[in-house]
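A.B. asks: Give me coordinates for this.
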Amino acid sequence: LSYNMSTVNGACSLSTSLLDLHSLRQVAWKSLAGAIDELPGRKCLVIDNTLLRPLNLLTDPNELRASHGVQTILALSDDTVVPSDVQNAVHVIRTQTAQSTRQVVQIIKRQLEPPAGPLVRHVVVMVPSVDFLCEQILEEEGVYGYVSKIVGVDLGLIPLEEDVLSLECDVLRPSLLDQDSVPHVEHVVSVLHQLQAMYGPIPHIVGKGASAKMVFDSLMAGTHATDKRVSTPGQITRLILLSRDIDLVTPLCTQLTYAGLIDETFSSDASFVDIPGSQEDGGELRGSRVILNSNDKLFQEVRDMNFATLPSVLNQQARSLSEGLDVSQHTGNLKQLAQFVSKLGTMTHYKERLATHTSICSNIAGIASSDAFHQRIQHEQNILCGRDEEEAFAYIESSIVRGAVMLRVLRLMCLASLTQNGLKAKWYDQLRRSFLHTYGFEHISTLINLERIGLFKKRDEGRNAFNALRKSLSLINEKVDDRAPDDMAYVYSGYAPLSVRLLQHTMKTGWAKAEDVLSLLPGPTINYDISGNPSDRARMLASNSGVTLIFFLEGVTQAEIAALRFLRKSVGKGAGLDFIVATSKIVTGDTLMASAGAERK
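C.D. replies: Next up is the predicted model:
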């Protein structure tokens with residue numbers, strides 16, 4: 001099987017990662033390449049839209065054409081037509097929804113319509129595994145007999161960054177709405193077994209939440225008894241499993257880091273970002289698609305900064321670059337001129353990246369500098385601090401009346417409900433009526449789903465868990481300096497992500513001694529050592545050379561990743577937080593609302 005690292009299309013280089021992630025990427029690619037290479041002759045690759053960008057991080061289209069006999073690469077849609085000059089059509093689909101399978105059905109039926117062309121062999125590759133319901137659709141639609149082969153391919157964790165791995169699989173909706181049947185659990189367990197096979201056994205597993213416990217139980221059930229007694233740890237010395245439902249507050253807030261605001265503002269998927277264009281002189285509106293990761297050294301430098309600092313940083317970079325490109329400063333003699341010419345290519349590339357980020361920054365600034373944006377942030381802060389409840393309610397209602405973006409309104413409604421242990425009955429009823437009147441009664445199912453999840457509800461008589469957590473974890477730090485931060489709270493300009501503050505707290509106390517805080521969060525607590533001998537555990541964890549894998553099971557925000565990086569930097573390398581983040585997908589509050597069935601309006 002051919003695998004050329006140099007042709008991976010824009011993917012992060014991984015050269016300084018804590019683990020050998022090149023091997024992880026290679027395993028993912030080989031699993032798909034194997035299914036393609038089994039077929040002789042010319043091939044057409046038809047790829048599910050949700051897989052196009054993740055696959056771009058594994059291989060380059062030119063590599064597929066040059067080494068694997070792929071003549072054409074098409075995006076799967078209702079109108080996709082397989083070319084007549086190929087012998088094989090390989091359909092690569094997600095099995096999460098029936099839509100992709102039905103689109104494959106239409107492609108096969110269209111190819112069979114008279115006058116039928118040359119016979120095409122159809123192969124269906126299901127990611128991450130063969131799904132019975134998808135097979136049933138093929139059979140019910142009468143095309144199962146025309147499918148030569150159905151194979152399951154697990155792409156596993158795809159490296160987005162040197163410290164971020166993603167399944168690139170949206171699992172929020174099923175995991176939140178049907179917690180008794182979490183479809184991604186076995187997928188996560190399979191990936192964890194793969195990681196242990198590659199990097200060695202993980203001696204210490206901790207975690208919190210219902211889905212975290214399900215993953216842990218399934219992982220232990222599939223681990224041989226002899227493996228559980230291994231006293232020599234692998235490269236990953238600790239696994240932290242976190243269910244998203246232990247902290248639903250954080251993704252509801254507006255992220256204020258550069259990378260976070262990019263996710264909040266644009267369409268972003270698997271490190272690819274679609275930037276809208278500008279229409280000048282009556283010309284055509286043209287946007288652009290860029291990939292943002294640590295290959296772009298400027299992005300690596302500014303991605304985790306609070307956006308308020310970014311314009312001045314980019315201005316300084318522009319001035320420095322302008323001075324560097326001033327040829328008159330480098331032509332005193334031939335040696336200086338030669339040095340200037342040798343750096344010119346790098347400087348020109350940096351100039352292009354600076355122009356890209358200046359354009360992105362300008363797009364975001366058009367929103368972030370508005371009075372409406374500042375008002376929203378101010379009310380978010382008030383809600384998080386637990387003050388001015390009536391004013392926050394009035395602001396949310398006025399946002400509904402003026403027809404603000406529906407997802408953003410829902411986020412505020414849910415944020416107020418979560419932080420106040422539910423809304424007062426009269427406020428709940430009034431917001432519900434106003435919302436349905438403004439956005440349409442067809443969205444009543446969204447409100448029902450949000451209530452089922454516990455995001456939007458009437459006030460309970462019990463203890464306000466968030467209020468207690470706000471105090472015990474010091475979630476609010478309004479004095480933090482966004483430009484020169486000394487606390488992770490800068491990522492939300494005064495609010496420290498609950499999930500990351502929890503990890504910071506347990507770093508000091510250990511999980512066993514953090515029960516006072518952990519008991520305030522939903523779901524069971526996990527604290528497991530591969531060895532029952534305390535001295536063995538101390539020996540295994542005494543070495544700071546190991547890696548902590550922090551697995552956010554149903555998604556993580558860019559702001560949480562920034563907060564973790566800040567924490568790692570503040571405690572220093574080798575202090576127990578040399579981490580890699582794993583997740584199902586990078587999410588935002590809009591993603592969370594969409595999981596309840598809401599659509600942008």
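A.B. asks: Where does the prediction get shaky in this protein?
C.D. replies: 1-9, 116-117, 172-183, 224-232, 277-287, 321-347, 531-545, 572-576, 600-601 (pLDDT under 70).
A.B. asks: how about the helices in the stretch 51-200 of the chain?
C.D. replies: Applying DSSP state H, counting those that start in this stretch to the stretch 51-200 of the chain gives helices spanning 61-67, 99-112, 132-140, 172-177, 185-199.
A.B. asks: wait, which of those helices is closest to residue 21?
C.D. replies: Of all the helices of the stretch 51-200 of the chain, the one in closest proximity to residue 21, counting by CB to CB, is helix 185-199 (9.9 Å). Where C-beta positions appear, they are placed from N, C-alpha and C, glycine not excepted.
A.B. asks: what's that closest one packed up against?
C.D. replies: helix 21-37, helix 210-221, strand 236-242, strand 547-552 (3 or more CB pairs under 8 Å, 6 or more residues apart in numbering; DSSP states H and E).
A.B. asks: Residue 291: which of the helices of the stretch 51-200 of the chain is closest?
C.D. replies: Comparing the helices of the stretch 51-200 of the chain by CB to CB, helix 61-67 comes nearest, at 14.2 Å.
A.B. asks: which residues in the stretch 151-300 of the chain form strands?
C.D. replies: 158-161, 164-166, 204-208, 236-242, 267-269, 272-275, 288-291 (DSSP state E, counting those that start in this stretch).
A.B. asks: which residues sit against stretch 122-136?
C.D. replies: Contacting residues not belonging to stretch 122-136 are listed as 32, 35, 39, 48, 51, 88-95, 98, 101, 104, 108, 138, 144, 146-155, 167, 169, 187, 190 [CB atoms under 8 Å, 6 or more residues apart in numbering].
A.B. asks: Just the C-alphas of that stretch, formatted as PDB.
C.D. replies: These are the backbone C-alpha positions of stretch 122-136, laid out as PDB (Å, rounded to 0.1, in the frame of the first residue of the first chain):
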ATOM      1  CA  HIS A 122     -20.400  -1.100  -6.900                       C
ATOM      2  CA  VAL A 123     -18.600  -1.300  -3.500                       C
ATOM      3  CA  VAL A 124     -19.900   0.400  -0.400                       C
ATOM      4  CA  VAL A 125     -17.400   1.400   2.300                       C
ATOM      5  CA  MET A 126     -19.200   2.200   5.600                       C
ATOM      6  CA  VAL A 127     -17.400   4.400   8.200                       C
ATOM      7  CA  PRO A 128     -16.800   3.400  10.900                       C
ATOM      8  CA  SER A 129     -18.300  -0.100  10.500                       C
ATOM      9  CA  VAL A 130     -20.900  -2.000   8.500                       C
ATOM     10  CA  ASP A 131     -24.400  -1.000   9.700                       C
ATOM     11  CA  PHE A 132     -27.300  -3.400   9.600                       C
ATOM     12  CA  LEU A 133     -29.900  -0.600   9.000                       C
ATOM     13  CA  CYS A 134     -27.900   0.700   6.000                       C
ATOM     14  CA  GLU A 135     -27.700  -2.800   4.600                       C
ATOM     15  CA  GLN A 136     -31.500  -3.100   5.100                       C
END
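A.B. asks: Next, the buried residues of it.
C.D. replies: By 16 or more other CB atoms under 10 Å, the buried positions in stretch 122-136 come out as 122-128, 131, 134-135.
A.B. asks: picking up where we left off before, mind checking the strands of the stretch 151-300 of the chain for the one nearest to residue 358?
C.D. replies: Of the strands of the stretch 151-300 of the chain, nearest to residue 358 by CB to CB is strand 272-275, at 11.5 Å.
A.B. asks: Now do the strands in the stretch 401-550 of the chain.
C.D. replies: So, for the stretch 401-550 of the chain - with DSSP E, counting those that start in this stretch - the strands run 525-529, 547-552.
A.B. asks: TSV for those strands, including mean neighbour count and distance to residue 307?
C.D. replies: Formatted as TSV, these follow (neighbours: other CB atoms under 10 Å; distance: least, CB to CB, whole Å):
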stretch	mean neighbour count	distance to residue 307
strand 525-529	17	36
strand 547-552	24	23
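A.B. asks: would TSV of those with distance to residue 410 be doable?
C.D. replies: Shown next, in TSV, are those (distance: least, CB to CB, whole Å):
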stretch	distance to residue 410
strand 525-529	30
strand 547-552	22
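A.B. asks: Compare these and report which one is nearest to residue 354.
C.D. replies: strand 547-552 (31.9 Å).
A.B. asks: strands paired with the closest one, and their directions?
C.D. replies: Sheet pairing of strand 547-552 (DSSP bridges) gives strand 236-242 (parallel), strand 579-583 (parallel).
A.B. asks: if we can go back for a sec, adding mean neighbour count and distance to residue 485, write the strands of the stretch 151-300 of the chain out as CSV.
C.D. replies: Output for these, formatted as CSV (neighbours: other CB under 10 Å; distance: least, CB to CB, whole Å):
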stretch, mean neighbour count, distance to residue 485
strand 158-161, 24, 21
strand 164-166, 24, 21
strand 204-208, 24, 26
strand 236-242, 24, 23
strand 267-269, 16, 24
strand 272-275, 17, 25
strand 288-291, 15, 27
